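In: Sequence and predicted model, in that order:
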There are 2 protein chains.
Amino acid sequence: MTKRQLTRPWAERVDRVSPFRVMEILTKAKQLEQNGRDIIHMEVGEPDFPTPAPIVAAAKQALSEGKTHYTPALGLPELREKIAEHYFLTYSVSVSPKQVVVTAGASGALLLTAALLVNPGESVLMADPGYPCNRHFLQLVGGEAVMVPVDASNDYAVTPSLIEQYWQAKSCGVLLASPANPTGGILSLQHLSELEAVIRKHNGWMIVDEIYHGLTYGERIHTALESCPDAIVINSFSKYFGMTGWRLGWMITPQELVPSLEKLAQNYFISPPTVSQYAALAAFDAPAKQEMESRRLAFKKRRDFLLPALRELGFGIPNCPEGAFYLYADAQGFTSDAYAFCHQLLDSAGVAVTPGIDFGANNTQQTIRFAYTTSVERLQEGVERIAGFLRQ
Amino acid sequence: MTKRQLTRPWAERVDRVSPFRVMEILTKAKQLEQNGRDIIHMEVGEPDFPTPAPIVAAAKQALSEGKTHYTPALGLPELREKIAEHYFLTYSVSVSPKQVVVTAGASGALLLTAALLVNPGESVLMADPGYPCNRHFLQLVGGEAVMVPVDASNDYAVTPSLIEQYWQAKSCGVLLASPANPTGGILSLQHLSELEAVIRKHNGWMIVDEIYHGLTYGERIHTALESCPDAIVINSFSKYFGMTGWRLGWMITPQELVPSLEKLAQNYFISPPTVSQYAALAAFDAPAKQEMESRRLAFKKRRDFLLPALRELGFGIPNCPEGAFYLYADAQGFTSDAYAFCHQLLDSAGVAVTPGIDFGANNTQQTIRFAYTTSVERLQEGVERIAGFLRQ
């Protein structure tokens, strides 16, 4: 297992990609389960619900009709139309189907965005803590992430003054997220407008990850496109639509970028998965929406249980996260090494959670992400076990 | 549609990615069809057959069982086992399931390979003509393709002496293909061994694209792993298994590389499409194999018709291609601008083929790729139309 056995070392970028620590937790959790232990899973960043039945039915129908060939690189025209229509119906925003690029998950959209916009040596600003893969997409194309430290005092949001403070000569854009992973924070329309003004001043690209849109529990959420029509918005069928394993997402971009994106998508992906695209055609219709709405309410109930319960135990969650399915908690009352704490919690109490260090370097050694991707009953059991663990 | 309307120019790499000329042909062909013209499609690089029924049935079954979540980044363990077993049953080669990485199509495998092995400024040798996306994957990670000109005199194969001739100080490997696109050529085990010896001398990586394996019409084909156990072999469910739209492929690598590949795959893809993986579990079983074998024989019949027919018309195809579903023809008897010729052929005779320039710069202005991805009857009609066109 040493490099010396190999022909030559692998590329240097590989050693600069951090492994997901949560995968160690997950692997250990599965081993414990195989040994008969009961584990409460609050580590996984995917809905516990399977894909809604109407979407699955559409997939089966397409399979029965032999729809198994490549599609256009930008996606099925009828799906691009449905997505454009979704913006009108949901946000009253006019989006042309020609601005829609269907991708192999939001991962595909993030990779295409990095390849499209970022020259070697250029940088993109993003929140720390944030989704860990973002900086690796930049690094893949020779770019760099400028990590902007955010904290609870600003609801973990990048602010205009932080952009001014961290913008560098070689910066070319800012990647925002609303709702954000791991914090569940949401950007208001006013906030998005203010961010856009400062990004525009620097002639930067404004990229907004909206993959948790739909999973919000307070006031109606706004897409960046409502106030920033030139933003590049990335979305996904994974979270709200419950389609993680289908690997399907999309982006909305200024139309002038689409021919370039098409060329890149042809070369890097050929096309997004076909069955997934036919399945997704049913995702915007009433039967699926009804199912998704009831799931949203279930997530809300879970959050409404878990947030006060964790606060009661002494975890620091000053703001009420309005979206996604995460609570990002300060554990400094219990540990200065949350990574070790997560392992102990799993070993000792059978509760799996994600250490903050997976999401950046900004005070993450004392934070933990709790995912409420399991039932209220299981969350209750989890909270009781954590309470017992803390009393030890 | 000018760049000036945009915030800033897109990244420079975008302008160095050539669009697929065949997409212009395809788009025009579809327009003509919408206007009522009958078009013979010999341009498309995908089997005309839908996915075999047993594979589709396995997908439906998985959907019925709610298997719609993420899988491990390296793929379902049971699929990795099936793929490893396939190497033993088909080639008598012992491959551990731990060496198998399931990917989002061969495209995903090519991207991972480039990210894993190639530092910025390093180069990989590959045949010209060859699969056009390969050089763009290298370019994505800041690497470079060294195009090695091959021609009919060597059956379009990279040779040991060509590697010696084109290897540069910053080269880190060679990408081979067997069967090759666009030429259909196959590398013998002896040839692979000789190539490996010279690549090993340079401490280079040997990467072998075997995505058309299974679609061969002569002697049994050999995987590079039979003589070169350290080769990185890339394969796909798209072509032989008839699963293009499912976006599923795999790679076999030295086991020491797998932890690095896992880390990259987690970050860039999360996981390969889940339904596709469950479908592929049925791809190695007898019912699917029977179907695929009958399709292979159909492709052979098509080649056996089309090869002499095109030669008869005056196209130069000196060697009999033993694999894939392409005939790569010299059209210098008719034109010195095969790209214009392809457009004229489509406009005038309603036959769509792919201009050689899509595959490189080595004499490709006088070559054409014919895909026999349509029935013998349609190929016959196509040949008649081409004959008429040439008589004009």
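Out: Received it, and whenever you're ready, just let me know what you need.

In: contact partners of stretch A:180-193?
Out: Stretch A:180-193 is contacted by residues A:45, A:127, A:129-131, A:155-157, A:159, A:176, A:178-179, A:195, A:208-209, A:212, A:216, A:218, A:221-222, A:224, A:226-228, A:319, A:321-328, A:354, A:356, A:358-359, A:369 when judged by CB atoms under 8 Å, 6 or more residues apart in numbering or on different chains. C-beta: built from backbone N, CA, C; applies to glycine.

In: what about the helix ranked longest in chain A and chain B, any contact?
Out: Secondary structure of chain A read by DSSP state H shows that its longest helix is helix A:286-313. No. Between helix A:286-313 and chain B, judged by CB under 8 Å from any CB of the partner chain, nothing touches; the nearest distance is 13.1 Å.

In: returning to what we had before: give me the buried subset of the contacts of stretch A:180-193.
Out: For the contacts of stretch A:180-193, a burial check counting by 16 or more other CB atoms under 10 Å in any protein chain shown picks out A:45, A:127, A:129-131, A:155-157, A:159, A:176, A:178-179, A:195, A:208-209, A:212, A:216, A:221-222, A:224, A:227-228, A:321-328, A:354, A:356, A:358-359, A:369.

In: Tell me which entries of those residues lie within strands.
Out: Residues of these located in strands (DSSP state E): A:Ala127, A:Leu176, A:Val208, A:Asp209, A:Tyr326, A:Leu327, A:Tyr328, A:Thr354, A:Arg369.

In: which is the next helix or strand following the least confident helix or strand in chain A by mean pLDDT?
Out: Within chain A, no helix or strand scores below helix A:21-34, which has a mean of 91 by mean pLDDT, DSSP states H and E. Using DSSP states H and E, the helix or strand that follows helix A:21-34 in sequence is strand A:40-41.

In: For that following strand, give me every contacting residue.
Out: By CB under 8 Å, 6+ apart, the list of residues contacting strand A:40-41 reads A:Ala29, A:Gly350, A:Val351, A:Ala352, A:Ala371, A:Thr373, A:Thr374, A:Arg378, A:Leu379, A:Glu381, A:Gly382, A:Arg385.

In: mind listing which of those residues are in strands?
Out: Among the contacts of strand A:40-41, the members found in strands (DSSP E) are A:Val351, A:Ala352, A:Ala371.

In: Mind putting those into CSV with distance to chain B, pLDDT and neighbour count?
Out: Listed next are the ones in strands among the contacts of strand A:40-41 as CSV, based on distance: CB to the nearest CB, whole Å; pLDDT from 0 to 100; neighbours: other CB atoms under 10 Å in any protein chain shown:
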residue, distance to chain B, pLDDT, neighbour count
A:Val351, 20, 98, 24
A:Ala352, 15, 97, 25
A:Ala371, 13, 98, 25
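
In: what would the residues you listed look like in a markdown table with distance to A:Val95?
Out: Shown next, in a markdown table, are the ones in strands among the contacts of strand A:40-41 (distance: CB to CB, whole Å):
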| residue | distance to A:Val95 |
| --- | --- |
| A:Val351 | 42 |
| A:Ala352 | 39 |
| A:Ala371 | 31 |
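
In: near chain B at all, the least confident helix or strand of chain A?
Out: Yes. Helix A:21-34 comes into contact with chain B (CB under 8 Å from any CB), by way of A:Met23.

In: and that helix, what does it pack onto?
Out: Under the contact criterion of 3 or more CB pairs under 8 Å, 6 or more residues apart in numbering or on different chains; DSSP states H and E, helix A:21-34 touches helix A:338-349, strand A:351-352, strand A:354-355.

In: The longest helix of chain A: which residues count as buried?
Out: A:288-289, A:291-292, A:295-296, A:298-300, A:302-303, A:305-307, A:309-310, A:313.

In: quick one on the thing from earlier: quick one, which of the helices and strands packed on helix A:21-34 is packed in tightest?
Out: Here the criterion is mean neighbour count by mean count of other CB atoms under 10 Å in any protein chain shown, and of the helices and strands packed on helix A:21-34 the winner is strand A:354-355, at a mean of 26.

In: just how off-centre is that one within its chain?
Out: Centre-to-centre, strand A:354-355 and its host chain are 15 Å apart (CA atoms, centre = their mean, to the nearest Å).

In: and that strand with chain B, contact?
Out: No. Judged by CB under 8 Å from any CB, strand A:354-355 stays clear of chain B, getting no closer than 13.6 Å.

In: strands paired with that strand, and their directions?
Out: Sheet neighbours of strand A:354-355, with direction, are listed as strand A:367-371 (antiparallel) (DSSP bridges).

In: Now do the partner strand: everything it contacts.
Out: Outside strand A:367-371, the residues within contact range by CB under 8 Å, 6+ apart are A:41-45, A:129, A:182, A:306, A:310, A:315, A:325-331, A:338, A:341-342, A:353-356, A:358-359.

In: Let me know the angle separating it from helix A:338-349.
Out: Between the axis of strand A:367-371 and that of helix A:338-349 there is an angle of 50 degrees, by axes from the mean of the first three to the mean of the last three CA atoms, to 10 degrees.

In: can you name the two of the ones in strands among the buried ones among the contacts of stretch A:180-193 that are farthest apart?
Out: Greatest spatial distance in those: A:Val208 and A:Thr354, 23.6 Å, computed using CB to CB.

In: thought A:Ala157 was touching A:Gly130?
Out: No. In this structure A:Ala157 lies outside contact range of A:Gly130 using CB atoms under 8 Å: 11.1 Å.

In: How far away from the center of its chain is stretch A:188-206?
Out: Offset of stretch A:188-206 from its chain centre (CA atoms, centre = their mean): 21 Å.

In: and it, which residues are buried?
Out: A:His191, A:Leu192, A:Ser193, A:Glu194, A:Leu195, A:Glu196, A:Val198, A:Ile199, A:His202, A:Gly204, A:Trp205, A:Met206.

In: pull the CA atoms of that stretch into CSV?
Out: C-alpha atoms of stretch A:188-206 as CSV (Å, rounded to 0.1, in the frame of the first residue of the first chain):
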residue,chain,number,x,y,z
SER,A,188,-33.0,36.7,2.1
LEU,A,189,-33.7,38.4,-1.1
GLN,A,190,-32.4,41.6,0.3
HIS,A,191,-29.2,39.9,1.4
LEU,A,192,-28.8,38.3,-2.1
SER,A,193,-29.2,41.7,-3.7
GLU,A,194,-26.6,43.2,-1.5
LEU,A,195,-24.2,40.4,-2.2
GLU,A,196,-24.8,40.7,-5.9
ALA,A,197,-24.0,44.4,-5.9
VAL,A,198,-20.5,43.9,-4.4
ILE,A,199,-19.8,40.8,-6.6
ARG,A,200,-20.9,42.9,-9.6
LYS,A,201,-18.6,45.7,-8.6
HIS,A,202,-15.7,43.2,-8.8
ASN,A,203,-17.0,41.8,-12.2
GLY,A,204,-17.3,38.5,-10.5
TRP,A,205,-19.5,35.5,-11.1
MET,A,206,-22.3,34.9,-8.6
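
In: what's the average pLDDT for that stretch?
Out: For stretch A:188-206, mean pLDDT rounds to 96.

In: Let's verify A:Ile55: helix, strand, or coil?
Out: helix (DSSP: H, G, I helix; E, B strand; the rest coil).

In: Could I get the contacting residues of it?
Out: A:Phe241, A:Gly242, A:Met243, A:Ala279, A:Ala280, A:Ala282, A:Ala283, A:Ala288.

In: which residues touch the second one?
Out: When contacts are counted by CB under 8 Å, 6+ apart, A:Gly242 is found next to A:Pro47, A:Phe49, A:Pro50, A:Thr51, A:Pro52, A:Ile55, A:Met292, A:Arg295, B:Thr68.

In: Thank you kindly, that will do.
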